[in-house]
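Chemist: sequence first, then the predicted structure, then my questions.
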Amino acid sequence: MPYIDHEIILEAKKMDLQTYLERYEPDELVHVSGNVYCTKAHDSLRISNGKWCWYSQGIGGRSALDYLIKVNGYGFLEAVERIMGR
């Protein structure tokens, strides 16, 4: 079983979705208005003030980790590795 150091997991949990998308998937981030963004793939998913909510699915979160697991279906370790650029 793969192992990721606890400090790396804590660092991954700190990254918000907007920062993640700006860094790793900039073409996916769409400016809606003011400080509100959505994604190309999910226009009902709104990102604002360090949080995100996918209104059509009734889910949301704070971190990029939440997004990768809940929306993209990644496993926890895979999501952490993706956020950390591995």
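Modeler: All right, it came through fine. Since the structure is predicted, the reported quantities are computational estimates derived from the model, not experimental observations.

Chemist: quote the end-to-end distance of stretch 26-45.
Modeler: Counting by C-alpha to C-alpha, to the nearest Å, you get 16 Å between the two ends of stretch 26-45.

Chemist: need phi/psi at the one residue sitting closest to the centre of the chain.
Modeler: Centroid-nearest residue in the chain: Ala64, 2.4 Å away (criterion: C-alpha atoms, centre = their mean). With angles defined as degrees, to the nearest 10, Ala64 sits at phi -60, psi -30.

Chemist: do a quick rundown of the helices in the protein.
Modeler: Taking DSSP state H as the test, the helices found in the chain are 6-14, 17-24, 64-70, 76-83.

Chemist: just checking, what packs against the third one?
Modeler: Using 3 or more C-beta pairs under 8 Å, 6 or more residues apart in numbering; DSSP states H and E as the contact criterion, the elements in contact with helix 64-70 are helix 6-14, helix 17-24, strand 51-54, strand 59-61, helix 76-83. Any C-beta I mention is one placed from the backbone N, CA and C, and that applies to glycine too.

Chemist: quick one: strands adjacent to the shortest one?
Modeler: Based on DSSP bridges, the pairing partners of strand 59-61 within the sheet are strand 51-54 (antiparallel).

Chemist: buried ones in the partner strand, by neighbour count?
Modeler: Buried positions in strand 51-54, judged by neighbour count with 16 or more other C-beta atoms under 10 Å: Trp52, Trp54.
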